[in-house]
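Student: Just to be clear, the model below is a prediction. Sequence and coordinates:
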Amino acid sequence: MTVASGGYWVIGLCADWCHVCRGMKPDFDQMPRLLPDARWVWLDIEDHDDLLGDLDITTFPTYLIASDEGIHLLAPGPTKADALARFVAPYLRQAVAPMAHDEMLWQLLGRVRERASP
């Protein structure tokens, strides 16, 4: 699958029923202003389970960080804006290489990018 270019993407994989995610959403919404070098997407896994394919997210929030080079991270992460900015910054500085190719995550990124395009 070819994924259209678009710099860095930070996808917050969350669920509305999760109180931690609901608390994090306002902070996540501020991230494009704090770190405009990435495309930020909040993805409720219940509302958009069609995008996840076989991916099973069990810890919230989980972040997918990706670039044109590949998938850099899929892991649970911070719940506050300042900690999230520190968590993401090394990726945006290109200080972290992509992990081994994971077709399922690459396809998820492609579906999210397609859905997020104007």
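Tutor: Happy to help now that I have it.
Student: Show me the helices in the protein, by range?
Tutor: Under the criterion DSSP state H, helices of the chain are mapped to 19-34, 49-52, 81-92, 103-116.
Student: Output the below-cut-off pLDDT ranges for this protein.
Tutor: Residue ranges of the chain with pLDDT under 70: 1-6, 118.
Student: what about 80?
Tutor: For the chain, applying pLDDT under 80 flags the ranges 1-6, 117-118.
Student: if we can go back for a sec, for E69, find the nearest of the helices of the chain.
Tutor: E69 sits nearest to helix 81-92 of all the helices of the chain, at 10.4 Å, using C-beta to C-beta. For the C-beta atoms, the positions are set from N, CA and C on the backbone; glycine is no exception.
Student: Give me the contact list for the closest one.
Tutor: Identification of contacts with helix 81-92 by C-beta atoms under 8 Å, 6 or more residues apart in numbering yields 8, 10, 27-28, 30-31, 34-35, 37-38, 63, 65, 67, 72-73, 77-78, 96.
Student: Please name the residues that touch R39.
Tutor: Per C-beta under 8 Å, 6+ apart, neighbours of R39: 6-10, 116.
Student: Relative to R86, how far out is it?
Tutor: Relative to R86, R39 is positioned 19 Å away (criterion: C-beta to C-beta, to the nearest Å).
Student: repeat for C21
Tutor: C21 sits at a distance of 19 Å from R86 (criterion: C-beta to C-beta).
Student: higher neighbour count, those two?
Tutor: For C21 against R86, the residue with the higher neighbour count under other C-beta atoms under 10 Å is C21, and the figures read 21 against 11.
Student: isn't the more buried one right next to L13, touching?
Tutor: No - here C21 does not reach L13: they are 9.1 Å apart, not a contact under C-beta atoms under 8 Å.
Student: so what sits against both of the two?
Tutor: Contact criterion C-beta under 8 Å, 6+ apart; residues shared by C21 and L13: 60-61.
Student: Restricted to buried residues, select the contacts of R39 in ChimeraX.
Tutor: Here is the ChimeraX selection string for the buried members of these, based on 16 or more other C-beta atoms under 10 Å:
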select :8,9,10
